[in-house]
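[1] what would the 3D arrangement of this be:
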Amino acid sequence: MKKLLFFVALILSAQANAMFCPNNFKTINIGDTIDTVTKLCGAPDEQKEIKSTDDPNAPQEWTFYVNPDPTNSQQTTNLKMTVAFENQKAGNITVNGQSLVSTTICGNIISVGDTMQSIKAACGSPPFVNKGQPQADQPDKPKVVEYKYNSTPPITLVFENGMLKSRK
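    Numbering: from 1, shown residues only. Prediction:
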């Protein structure tokens with residue numbers, strides 16, 4: 001009896017990732033290649049490659065202009081503060097060209113090694129963001145391709161690195 005239940009559970013779990021093609025009743029599975037899906041479902045009505053340029057681990061430099069005395073509303077000069085990030089952590093803080101390990105210029109203390117989220121919480125959103133390219137030794141981001149079928153309802157299949165990842 002236990003063997004029968006195990007076999008039934010195995011069959012059901014294997015079919016949990018199965019779905020029908022948008023335009024016929026052939027079965028495709030999460031993890032199928034683009035070629036397999038194209039053979040079973042046919043060519044899509046629309047195909048789109050998604051190129052993400054927003055890599056959160058790419059180096060960034062945030063620039064802030066901070067009032068050195070927030071209690072003085074007559075103050076018209078601001079200090080320029082830049083925070084350089086790598087892998088979402090502050091690697092360098094400069095105020096008017098002087099490198100600092102930490103500062104309270106935003107009101108709360110910020111330090112080298114703080115995360116982007118903690119700097120944003122202390123200083124707010126930066127008015128200027130300069131984004132760099134990821135390091136050469138970092139792996140490439142996955143290539144994402146969407147296949148849209150104008151079925152009823154329209155279905156989009158999402159492939160990541162040539163493998164079926166999800167259905168929208």
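
[2] which parts of the chain are strands?
    For the chain, the strands defined by DSSP state E occupy 18-20, 27-29, 46-50, 60-66, 79-86, 89-95, 98-100, 102-103, 110-111, 128-131, 144-149, 155-160, 163-167.

[3] tell me the mean pLDDT for the fourth one?
    Averaged across strand 60-66, the pLDDT comes to 93.

[4] returning to that earlier point: now render the strands of the chain as CSV, adding mean neighbour count.
    C-betas here are computed from N, CA, C, even on glycine. Below are the strands of the chain laid out as CSV (neighbours: other Cβ atoms under 10 Å):
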stretch, mean neighbour count
strand 18-20, 14
strand 27-29, 15
strand 46-50, 11
strand 60-66, 17
strand 79-86, 18
strand 89-95, 17
strand 98-100, 11
strand 102-103, 17
strand 110-111, 18
strand 128-131, 12
strand 144-149, 17
strand 155-160, 18
strand 163-167, 15
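
[5] got TSV for these, with distance to L40 too?
    Formatted as TSV, the strands of the chain follow (distance: least, Cβ to Cβ, whole Å):
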stretch	distance to L40
strand 18-20	10
strand 27-29	6
strand 46-50	16
strand 60-66	43
strand 79-86	44
strand 89-95	45
strand 98-100	59
strand 102-103	59
strand 110-111	54
strand 128-131	40
strand 144-149	12
strand 155-160	11
strand 163-167	11
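
[6] what's the closest of the ones you listed to S118?
    Each of the strands of the chain was scored for nearness to S118 using Cβ to Cβ, and the closest is strand 110-111 (7.2 Å).

[7] many thanks, I have nothing further to ask.
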